[in-house]
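In: Turn this into a structure:
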Amino acid sequence: MRRVLGMLMVLAVAVAGCGDDDGAATTNQAPTTTASAPGTTDGPLGTTPPDAAETTQGAGADLPLVNGFSAEVEIVTDATHRTVTSNGIPNHEVGEFPNPGNPNSISPQSHEFRVTLDPRVAASITPSGLSEWGIAVNGIPLEPGAAEWWQRDRNSGWQYEALGGGIDLGTDQSNAHVQPTGAYHYHGMPEGLLAVLGVDGSGVVLVGWAADGFPVYARYGYVDPADPGSGVVAMSPGYRLRDGTRPSGPGGAHDGTFVEDYEFVGGDLDECNGRFGVTPEHPEGIYHYYLTDRFPFIPRCFAGTPDSSFARGPRG
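Out: Residues are numbered from 1 along each chain as shown. Now for the predicted structure:
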């Protein structure tokens, strides 16, 4: 029993430079999770009744066509895992690709990602490197890092920030662009998806899952992480630009061009852009992540243990 979102209509209701490498803060609070019943979908997609037969929902007529293709995604849970498969076509308008900063065209993919339904905070954090950090509910990967370094030297210690303005990666209005393989992916706040899901500050909205299985929310969280009645506020990440100038490499002021221009000082969220608290899907509380409007945009590390299905290897 499973729900197939053939063209993602149910969601409306309810480069040239990316690659792979091996930071997050640990929490001593052991998270708990509420797993969906086997064979169901959950979150903003609703829940399939336990006795429901397989169904296909949605017709492509009301979805934007991207190079002639419409979005397709399937989210299925069994007793232990959630599996997200998609054709990699977004369910919202995209920018023009190819463009001067990104010479690639969007094409259908065969994405399949698996996350545990029982995520646990690990003893230490795991850097995400350049592999996919998570998967959005529309089946599009979340990838914070870009495989671009100062003087094209991976060992220089200075990695260009994808949204830092130092290089033109040709990202569109959803902070996304395209791999040489044709894979469309987000480097920052997925504005098109947020519009589809109705993320407007009136609530806390699930937008995906990290590779370690913990849920991902966008922009807004509860003022008091333990009290859903405390109101909703835009989350403030705990990073800031370093003072002074760069001690090596490109030199110059720390202005956000490079990932290393930032340091973690604390805020609403920990080093992995997450915190422990209640959410609509987990009223008993769970460790969870946020996509934010300021660095790191998409988290750069895992509090838990990422699933191997996200380890794609070097690309771009």
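
In: burial of the nearest residue to Phe214 once chain neighbours are set aside, as a residue count?
Out: Of all residues not flanking Phe214 in the chain, Pro119 sits nearest, at 4.8 Å (C-beta to C-beta, 6 or more residues apart in numbering). In this view, the C-beta of every residue, glycine as well, is placed from N, C-alpha and C. The number of residues packed near Pro119 is 26, by other C-beta atoms under 10 Å.

In: The chain should start at 13 in everything you say after this.
Out: Noted, 13 is the first residue going forward, which turns the last one into Pro131.

In: name the element Pro131 belongs to?
Out: Using DSSP states H and E, Pro131 falls within no helix or strand.

In: Touching, it and Pro318? I think so.
Out: No. With contact defined as C-beta atoms under 8 Å, Pro131 does not reach Pro318; the gap is 10.0 Å.

In: Which neighbours do these two have in common?
Out: Asp224 (C-beta atoms under 8 Å, 6 or more residues apart in numbering).

In: quick one on the thing from earlier: what's the pLDDT at the residue nearest to Phe226?
Out: Per-residue pLDDT puts Pro131 at 98.

In: State the distance from it to Ala195.
Out: Using C-beta to C-beta, to the nearest Å, one gets 25 Å for the distance from Pro131 to Ala195.

In: Could you pick out the longest helix of this protein?
Out: If you go by DSSP state H, the chain has its longest helix at helix 203-209.

In: Using PDB, list the CA coordinates for that helix.
Out: Output of helix 203-209 as PDB, limited to C-alpha atoms (Å, rounded to 0.1, in the frame of the first residue of the first chain):
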ATOM      1  CA  GLU A 203      11.300  29.600  -3.100                       C
ATOM      2  CA  GLY A 204       9.200  27.800  -5.800                       C
ATOM      3  CA  LEU A 205       8.500  24.800  -3.600                       C
ATOM      4  CA  LEU A 206       7.700  27.100  -0.700                       C
ATOM      5  CA  ALA A 207       5.100  28.900  -2.800                       C
ATOM      6  CA  VAL A 208       3.500  25.500  -3.700                       C
ATOM      7  CA  LEU A 209       3.400  24.500   0.000                       C
END
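
In: Adjacent strands (with direction) for the helix or strand following that helix?
Out: Later in the chain than helix 203-209, the nearest helix or strand by DSSP H and E is strand 218-222. Note on strand 218-222: by DSSP bridges, its sheet partners are strand 146-148 (antiparallel), strand 227-230 (antiparallel).

In: pLDDT averaged over strand 218-222, what's the number?
Out: pLDDT averaged over strand 218-222 gives 98.

In: and what of stretch 255-267?
Out: Across stretch 255-267, the average pLDDT comes to 97.

In: List the buried residues for that stretch?
Out: Under the neighbour-count criterion of 16 or more other C-beta atoms under 10 Å, stretch 255-267 has Arg258, Pro262, His266 buried.

In: Which strands and helices lie in contact with the helix or strand harbouring Ile87?
Out: Using DSSP H and E, Ile87 maps to strand 85-89. Applying 3 or more C-beta pairs under 8 Å, 6 or more residues apart in numbering; DSSP states H and E, we find strand 85-89 packed against strand 15-17, strand 93-98.

In: tilt between that strand and strand 218-222?
Out: Relative orientation of strand 85-89 and strand 218-222, computed by axes from the mean of the first three to the mean of the last three C-alpha atoms, to 10 degrees: 70 degrees.

In: next one: strand 85-89 to chain centre, how far?
Out: 17 Å (C-alpha atoms, centre = their mean, to the nearest Å).

In: average model confidence for that strand?
Out: In this model, strand 85-89 has a mean pLDDT of 98.

In: can you list the strands paired with strand 218-222 in JSON lines and add mean pLDDT?
Out: JSON lines is the format used below for the strands paired with strand 218-222 (pLDDT from 0 to 100):
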{"stretch": "strand 146-148", "mean pLDDT": "98"}
{"stretch": "strand 227-230", "mean pLDDT": "98"}
